[in-house]
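[1] Just need the structure, nothing else, for what follows:
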Amino acid sequence: MKELKYIDDLFEREDLEDEKLLELIEAKDQVVLEHLYSKALEKKILHYDKSIYMRGLLEFTNICKQNCKYCGLRRDNMNVDRYRLTEDQIMDCCREGYRLGYRTFVLQGGEDSHYSDDRLVKIITNIRSSFPEAAITLSIGEKSYESYERYFQAGADRFLLRHETADEKLYNSLHPGGSYKNRVRCLKDLKKIGYQIGAGFITGLPGQTSTHLVKDLRFLKELDPHMIGIGPFIPHSETPLKNFNGGTVELTLKMVALTRLMIPKALLPSTTALGTIDSQGREKAIKAGANVVMPNLSPTDVREKYEIYENKICTGDEAAHCRQCIEKRINSTGSYVDMGRGDYVDWNASSRKINSHTGEKHE
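    Below is the predicted model:
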């Protein structure tokens, strides 16, 4: 079967011709898929052993100026119960997370102008001074180079900004007022500044083809990010895409596995979105090469309000229960939890271009 040879070639070369990638994306044979997942897991173990890194997620605002057609938090959705966490609430979440063993905090939110650069720098500085050995990850959208640099100087280590799709026409059609070129500019700026950067894409978007997904793999291969988030499109009833079919578990798992084989050292999350459309979705992603999970540290009274997509799992779980539940799930896959910072495998803290405490450049 030629597809099995393609997978073996990809495992060895960490690259493959576009037409062969296309065939693997469209493969349906279960023998082929199982071989793909097995080789992706083998590649992950080569670089990260059986470790699965836990990140503590804080969804600190669901207010967003953007109007992305697939997102339930979009500006024009008037049926969202909007909220913002205070600085004290954010610090309380971090303290609880630290007590539970987390050593990475992921601050995720909509593009909310209430959180000015000064306010964000204060939050980052407070987290850095309170938990000096923990990693701080931001996921707060498109900013200027100067803003990104200020957050880095304050102590942020990582930045997640999914490119969503590497096809410019498709991207622009889904992001009214947005710009694919600006999205890519942001990612390149973040990498230049010295962040561990995260890109990623959505599978099953309306209008998306297998050719688009090959472009995603090519884009990621060139960008070579440290983290790559891949999740299925889940339609939301308060968006223009409410009547479209969602992405599938199978397609998402294929793209996770292909990404692991092409960008083997990347940190790949097993997403909550996968767990939402399949009760075993997160476990399946781990077995297909994913090695990060992000349990929620947000206060339970706001979790249901952070509704990028509907019917999200674990919104009612307390932080401690969420951590215990996911640890059991991880162990069930034959993997084990690593509560350390979980940096990119080749990352050296001294490679930061700017010292987060002094702002001085390293020589």
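[2] So residue 115, which state does it fall into?
    Recorded secondary structure, residue 115: coil (DSSP: H, G, I helix; E, B strand; the rest coil).
[3] which residues sit against the helix or strand containing residue 34?
    Element membership of residue 34, judged by DSSP states H and E, is helix 30-48. Helix 30-48 is contacted from outside by 1, 3-4, 7-8, 10-11, 24, 27, 250, 253-254, 256-258, 260-261, 264-265, 268, 287-291, 345, using CB atoms under 8 Å, 6 or more residues apart in numbering. No exception for glycine: its C-beta is placed from N, CA and C like everyone else's.
[4] So among these, which ones count as buried?
    By neighbour count, with 16 or more other CB atoms under 10 Å, the contacts of helix 30-48 hold 3, 7, 10-11, 24, 27, 250, 253-254, 256-258, 260-261, 264-265, 268, 287-291 as buried.
[5] Mind checking which of these land in helices?
    3, 7, 10-11, 24, 250, 253-254, 256-258, 260-261, 287 (DSSP state H).
[6] and the two most separated of those?
    By the measure CB to CB, 11 and 250 form the most distant pair in those, at 20.2 Å.
[7] you'd agree residue 300 is up against residue 321?
    No: counting by CB atoms under 8 Å, residue 300 sits too far from residue 321 to count as a contact (9.9 Å).
[8] CA atoms only for the helix holding residue 34 - export them in CSV, please.
    Output in CSV follows, covering the C-alpha atoms of helix 30-48 (Å, rounded to 0.1, in the frame of the first residue of the first chain):
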residue,chain,number,x,y,z
GLN,A,30,-8.0,2.3,8.8
VAL,A,31,-4.7,0.5,8.4
VAL,A,32,-3.2,3.6,6.9
LEU,A,33,-4.6,5.8,9.6
GLU,A,34,-3.4,3.6,12.4
HIS,A,35,0.1,3.5,10.9
LEU,A,36,0.1,7.3,10.7
TYR,A,37,-0.9,7.7,14.3
SER,A,38,1.6,5.1,15.4
LYS,A,39,4.5,6.7,13.6
ALA,A,40,3.5,10.2,14.9
LEU,A,41,3.5,8.9,18.5
GLU,A,42,6.8,7.2,17.9
LYS,A,43,8.2,10.5,16.7
LYS,A,44,6.8,12.4,19.7
ILE,A,45,8.4,9.8,22.1
LEU,A,46,11.8,10.3,20.4
HIS,A,47,11.8,14.0,21.5
TYR,A,48,9.6,14.1,24.6
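[9] where do the strands sit along the stretch 251-363 of the chain?
    Per DSSP state E, counting those that start in this stretch, the stretch 251-363 of the chain carries strands over the ranges 292-293, 336-338.
[10] lowest-pLDDT helix or strand in the protein?
    Using mean pLDDT, DSSP states H and E, helix 319-332 stands out as the lowest-scoring helix or strand of the chain, at a mean of 92.
[11] what about residue 262, neighbour count?
    Close neighbours of residue 262, defined as other CB atoms under 10 Å, add up to 21.
[12] And for the one 4 residues further on?
    The burial metric for residue 266, expressed as a neighbour count using other CB under 10 Å, is 25.
[13] is it true that it touches residue 223?
    No: assessed by CB under 8 Å, residue 266 is found out of contact with residue 223, at 10.3 Å.
[14] What helices and strands are in contact with the least confident helix or strand of the chain?
    When contacts are defined as 3 or more CB pairs under 8 Å, 6 or more residues apart in numbering; DSSP states H and E, helix 319-332 packs onto strand 51-54, helix 87-99, helix 281-287, strand 336-338.
[15] what would the ones you listed look like in JSON lines with mean pLDDT?
    Shown next, in JSON lines, are the helices and strands packed on helix 319-332 (pLDDT from 0 to 100):
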{"stretch": "strand 51-54", "mean pLDDT": "98"}
{"stretch": "helix 87-99", "mean pLDDT": "98"}
{"stretch": "helix 281-287", "mean pLDDT": "98"}
{"stretch": "strand 336-338", "mean pLDDT": "97"}
